[in-house]
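Chemist: how does the following fold in three dimensions:
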Amino acid sequence: MADSPVSSIHVFFGVLPDPRVDRTRSHDLLDILTIAICAVVCGAESWVQVELFGKSKQAWFAGFLKLPEGIPSHDTFGRVFASLNPVAFERCFLDWTAHVAQDLAGEVVPIDGKTLRRSFDRAGQKSALHLVSAWAADTGLVLGQVATHDKSNEITAIPELLKLLDLRGATVTIDAMGCQTQIARQIVEQEGDYVLGVKENQPTLSQEARRVMEEVRTAPAPQPVDYHETIEKGHGRIEVRRVWCTDRVGWLRGQEHWEGLATIALVESERTVDDKTTRERRYYISSLEGVSAKRMSHVVRQHWGIENGLHWVLDMAFDEDRCRIRLDNAARNMGLLRNQEQTPQSRMG
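Modeler: A predicted model of the protein is given here:
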């Protein structure tokens, strides 16, 4: 049992405080957690489905769980997860994930938020839960999450999430919402690098990034810019991706406010479908020194892995947006279960 999945759960979740009083503990907390984890891994979307999964696998669970009163009812699962301290529960998951991930050096770590749209409670005047997650793009692990009740609060949630992570050697990618001087400084202070999207929420920075990239792209040879282009064909469309990178950050007015700023990048996506061509340009600032346009292209594409590898799976495989679990801490704790358990590397690892 030393290396078994259940032993792993017992090691990392054995310290989780049981929210129940002694007289109501008919079922062992670790039994409840183990069954719920296994059920969500296999696609359970509600506490009723968790109970049904447990009963269908009761003979198997009986081989390594206590099960003093058999499989808990769906009401028991619901009450326990509504009462569990989400911060302590998340800490257990983070320790478990860290055990699997070991070292983030060289990893691209996208950070992005997602709203659980049906988690709102109109009667209780409780808004829908918004979870900000950190994702290890290469290993496919959710490294941590912080809950807010407003998408605009991502700016305050991101620093709290970063505090939970060992960023040494990692490259953190965040869209324009997180393009903030204090966030850039925190990432560098935690010995990581950043690639931050630049949009109109930072109007001066956005204008400056555009101006600098136009100047370096039209500068006389040798041009102080690196260039990389890829062409992809498939599903009836042609997509051309062009990336320019420059280390001439001294040309950017206000660059002294951005800790560790070393690179400015422009990514242009040109998509042709049925003879109709659309073009989009996005600008980025980064602390990566001497980064090539090819590497920057890879990092930016890895950022969208959190949409395809995490959010899309949560919506399509777990139907998260339609989930009505919302009592007390239950929505946040179920969201954490889904986030951790939908990736192959973290499944019962």
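
Chemist: give me phi/psi at G106?
Modeler: Phi and psi for G106, reported as degrees, to the nearest 10, are phi 90, psi -10.

Chemist: what sits closest to it if chain neighbours are left out?
Modeler: G169 (6.0 Å; C-beta to C-beta, 6 or more residues apart in numbering). Bear in mind the C-beta positions are built from the backbone N, C-alpha and C, glycine included.

Chemist: right, and H257 touches T181 too?
Modeler: Yes - using C-beta atoms under 8 Å, H257 is in contact with T181, at 5.2 Å.

Chemist: what is the one helix or strand V243 maps to packed up against?
Modeler: In this assignment (DSSP states H and E), V243 forms part of strand 237-246. The contact analysis (3 or more C-beta pairs under 8 Å, 6 or more residues apart in numbering; DSSP states H and E) places strand 237-246 against helix 203-218, strand 226-234, strand 263-273, helix 293-303.

Chemist: angle of it against strand 226-234?
Modeler: In terms of direction (axes from the mean of the first three to the mean of the last three C-alpha atoms, to 10 degrees), strand 237-246 departs from strand 226-234 by 170 degrees.

Chemist: what angle do strand 237-246 and strand 263-273 make?
Modeler: 170 degrees.

Chemist: if we can go back for a sec, nearest to D247, out of the helices and strands packed on strand 237-246?
Modeler: Closest approach to D247 among the helices and strands packed on strand 237-246 is made by strand 263-273 (5.8 Å; C-beta to C-beta).

Chemist: do a quick rundown of the strands in the stretch 51-200 of the chain.
Modeler: 108-116, 129-136, 141-148, 171-174, 193-198 (DSSP state E, counting those that start in this stretch).

Chemist: of those, which stretch is the most buried?
Modeler: Across the strands of the stretch 51-200 of the chain, averaging neighbours per residue (mean count of other C-beta atoms under 10 Å) puts strand 171-174 on top, at a mean of 27.

Chemist: so what strands line up beside that one?
Modeler: strand 108-116 (parallel), strand 193-198 (parallel) (DSSP bridges).

Chemist: what's in contact with that strand?
Modeler: Contacts of strand 171-174 with the rest of the structure, by C-beta atoms under 8 Å, 6 or more residues apart in numbering, involve 107-112, 134, 158, 162, 183, 187, 192-197, 288, 299-300, 302-303.

Chemist: list the contacts of the residue nearest to R295 when sequence neighbours are not counted.
Modeler: Closest residue to R295 apart from its sequence neighbours, by C-beta to C-beta, 6+ apart: L288 at 7.6 Å. Contact analysis of L288 by C-beta under 8 Å, 6+ apart lists T171, D193, V195, A262, T263, R295, M296, V299.

Chemist: of those residues, just say which sits nearest to Q207.
Modeler: Looking across those and measuring by C-beta to C-beta, the closest to Q207 is T263, at 18.1 Å.

Chemist: distance of the closest residue to that closest one other than its chain neighbours from R242?
Modeler: Using C-beta to C-beta, 6+ apart and skipping the chain neighbours, the partner closest in space to T263 is S286 (4.3 Å). Using C-beta to C-beta, to the nearest Å, S286 is found at 17 Å from R242.

Chemist: more crowded one of these two?
Modeler: Just comparing S286 and R242: by other C-beta atoms under 10 Å the higher neighbour count belongs to S286, 26 against 18.
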